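Peer 1: Okay, here's the prediction I keep looking at, along with the sequence it came from:
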Amino acid sequence: RTNKGKHRQIPSPPGLPIIGNLHQLGELPHQSLWNLSKKYGPVMLLKLGNVPAVILSSTETAKQALRDHDIHCCSRPSLVGGRQLSYNHRDISFSPYNDYWKELRKLCTQEIFSAKNIHKTQPIKDLEVKKLIDSIAESASHKTPVNLNKKFLALNVSIVCKSAFGVNFEGTVLSNDRFKELMRETFEMLGSFSASDFVPYIGWIIDRLTGLQGRRAKNAQDLDAFYEQIIDLHKGEKEVGSEDFVDSLLRLEKEETVVGNDKFTRNNVKAILMDILLAGIETSAISMIWAMTELARNPRVMSKVQSEIRNKCGKRELIRYEDIDQLHYLKMVIKESWRLHPPAPLLLPREVISEFEIDGYKIQPKTQIHVNVWAIGRDPDTWKDPDEFLPERFLDSNIDTKGQSFELLPFGSGRRICPAVYMGTTMVEFGLANLLYHFDWELPDGMAVEHIDLEDAPGLGANKKNDLLLVPSHFYYL
Ligand code: HEM
């Protein structure tokens with residue numbers, strides 16, 4: 001408040017007529033917003049066309065929004081891309097805060113995200129990781145580089161398709177290459193600020209001229225064909241007890257169950273499949289790629305984490321899920337990688353439901369809230385030597401990734417926190433532990449550590465822009 005008791009204006013970079021600050025976001029909004037926040041502070045107001053958006057860039061302001069005022073800002077804005085992909089907000093991620101979202105989230109937590117269900121699908125993960133090890137072993141025998149971006153995406157696709165959808169990805173309408181392209185494009189579109197959402201009256205024309213509208217429709221169509229096929233593969237009666245997640249959703253449709261105020265239809269089933277496909281696969285793959293990238297850049301850390309896994313686990317065909325609990329340094333490596341490379345650098349946008357204050361600034365209903373966790377992970381007020389990859393910083397620290405430590409929020413926090421924190425974490429730990437145990441990793445001929453780039457790809461998920469290629473060699477436990 002000012003001396004006169006009036007509320008202060010939120011610091012705001014000057015914008016242009018009609019588009020406001022949209023032109024300042026660039027290809028990588030989390031980085032542009034980080035730079036702007038250095039000048040305008042950790043609470044910053046932008047005009048995205050005619051939509052007000054508050055950007056939070058510090059531990060303290062994130063805590064005020066996501067913990068103290070979560071109930072005031074836990075809705076989602078209705079944006080064209082999300083609306084189209086989610087069959088008009090019939091999923092969890094893009095749904096506004098309402099009874100439908102509450103019931104659906106509860107249902108999916110019981111059916112799919114619970115620890116019990118995750119343990120049940122462990123044999124699938126074992127099999128898929130074993131297949132991955134065998135395929136890398138071939139490259140190790142020939143000393144050829146492995147494209148880890150491709151491998152990690154394929155691993156997560158296979159695990160999610162089999163464990164959540166009960167189908168083999170290889171037999172579907174999507175080839176590996178088309179799927180990779182589809183994921184990249186969809187995430188890029190969801191992460192870019194579309195003119196239709198922010199520029200009144202003429203925004204859709206801009207999106208049509210730039211080709212965004214057409215690409216969005218094509219992607220939604222391809223994904224729809226994929227869900228149709230999964231649903232087709234589930235036709236026919238199932239014995240009691242042998243239902244998988246898709247069968248349970250189809251049963252809700254058949255019984256015309258009411259969820260929230262909505263009768264469950266085929267579109268609700270597809271929207272939920274979309275959530276699992278988009279939210280579940282890319283995020284885990286991105287986490288694994290960045291961790292391996294940082295390890296390749298930091299040979300000291302690579303050798304320390306491999307020694308931990310090999311010494312603690314002994315001779316093994318596969319590092320088992322139960323082994324992971326004792327791998328404390330591996331867990332610190334993953335946290336450190338999430339600090340520098342959170343898979344969703346701006347989380348998902350929130351929309352304010354009712355007025356509240358952050359740092360004495362009033363935030364109005366309908367304002368969008370973007371929490372820049374990418375900036376928070378690099379804040380020198382919070383982290384000593386923030387640019388250094390130093391997993392030891394988590395030694396004797398109680399910072400965790402479950403949404404209570406506001407300096408490290410790879411899964412978000414509050415009511416909208418990722419419902420699959422446990423599923424995502426175990427998937428990343430399990431995949432990395434096995435690849436680090438079975439192989440030593442070197443850079444391709446002629447490449448030096450300084451040549452490994454850290455460029456982000458544009459999009460909702462900040463993947464590594466250029467593929468990571470490393471040469472594996474067998475590790476033999478004597
Ligand atoms: C390492 C892996 C993962 C990471 C880093 C991650 C991260 C995130 C983040 C940052 C959000 C947004 C939170 C917010 O807005 O505050 C989110 C939401 C969500 N995630 Fe994850 N996620 C991961 C894995 C998964 C998996 C495996 C699934 C499902 C199979 C999943 C399903 C969801 C859903 C449904 C939401 C929307 C929640 C809501 O709006 O209520 N995620 N995730």
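Peer 2: That came in fine, so what should we check first? Numbers count the residues shown, from 1 in each chain.

Peer 1: how many other residues sit next to the residue in the chain positioned nearest to the ligand?
Peer 2: Of all residues in the chain, the one sitting closest to the ligand is Gly412 (2.3 Å; Cβ to the nearest ligand atom). All C-beta atoms are positioned from the backbone trio N, CA, C, and that covers glycine. Each residue near Gly412 was counted by other Cβ atoms under 10 Å, and the total is 20.

Peer 1: For the closest residue to it other than its chain neighbours, identify the helix or strand it belongs to.
Peer 2: When the adjacent residues along the chain are set aside, Gly412 lies closest to Leu347, with 4.7 Å between them (Cβ to Cβ, 6 or more residues apart in numbering). For Leu347, there is no host helix or strand (DSSP states H and E).

Peer 1: Pretty sure Leu347 sits against Gln368.
Peer 2: No. Look at Leu347 against Gln368 with Cβ atoms under 8 Å: they stay out of range, at 11.6 Å.

Peer 1: Compare those two and say which is more crowded by neighbours.
Peer 2: Neighbour totals were compared for Leu347 and Gln368, and Leu347 leads with 26 against 21 (other Cβ under 10 Å).

Peer 1: Pull the contacting residues for that one.
Peer 2: For Leu347, the contact set (Cβ atoms under 8 Å, 6 or more residues apart in numbering) comprises 370-371, 373, 409, 412, 416.

Peer 1: For the residue nearest to Arg350 when sequence neighbours are not counted, give me its contacts.
Peer 2: When the adjacent residues along the chain are set aside, Arg350 lies closest to Ile369, with 4.2 Å between them (Cβ to Cβ, 6+ apart). Contacts were defined as Cβ under 8 Å, 6+ apart; by that measure Ile369 touches 53-54, 56, 65, 73, 349-352, 363.

Peer 1: Stretch 65-80 spans what distance, first to last residue?
Peer 2: With Cα to Cα, to the nearest Å applied, stretch 65-80 spans 25 Å between its terminal residues.

Peer 1: Show me which positions of it end up buried.
Peer 2: Neighbour-count burial for stretch 65-80, counted by 16 or more other Cβ atoms under 10 Å, picks out 65-66, 69-70, 72-77, 79-80.

Peer 1: For that stretch, the averaged confidence score.
Peer 2: Within the predicted structure, the mean pLDDT of stretch 65-80 is 97.

Peer 1: Stretch 191-211 too?
Peer 2: Within the predicted structure, the mean pLDDT of stretch 191-211 is 84.

Peer 1: can you tell me which residues contact the nearest residue to Gly166 once chain neighbours are set aside?
Peer 2: The spatially closest residue to Gly166, leaving aside those adjacent along the chain, is Asp244, at 4.0 Å (Cβ to Cβ, 6+ apart). The contact partners of Asp244, by Cβ under 8 Å, 6+ apart, come to 164-166, 234.

Peer 1: which ones among these are found in strands?
Peer 2: Judged by DSSP state E, strands contain none of the contacts of Asp244.

Peer 1: Narrow these to those in helices?
Peer 2: The helices in this structure, assigned by DSSP state H, contain 164-165 from the contacts of Asp244.

Peer 1: Could I get the contacts of Asp244 in TSV, plus columns for pLDDT?
Peer 2: As requested, the contacts of Asp244 are exported to TSV (pLDDT from 0 to 100):
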residue	pLDDT
Ala164	85
Phe165	86
Gly166	85
His234	88
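
Peer 1: any idea which of the contacts of Asp244 has the most stuff around it?
Peer 2: Neighbour-wise, the contacts of Asp244 (other Cβ under 10 Å) top out at Ala164, 26 neighbours.

Peer 1: which residues sit in contact with that one?
Peer 2: With contact set as Cβ under 8 Å, 6+ apart, Ala164 has these partners: 112, 244-246, 276, 280.

Peer 1: Kindly indicate whether the residue nearest to Lys143 when sequence neighbours are not counted is helix, strand or coil.
Peer 2: Counting by Cβ to Cβ, 6+ apart, Val471 is the residue found nearest to Lys143 once chain neighbours are left out, at 6.1 Å. Recorded secondary structure, Val471: strand (DSSP: H, G, I helix; E, B strand; the rest coil).

Peer 1: isn't Val471 right next to Asp440, touching?
Peer 2: No. Using Cβ under 8 Å as the test, Val471 is too far from Asp440 to be in contact (9.2 Å).

Peer 1: If anything else comes up later, I'll come back, but that's it for now.
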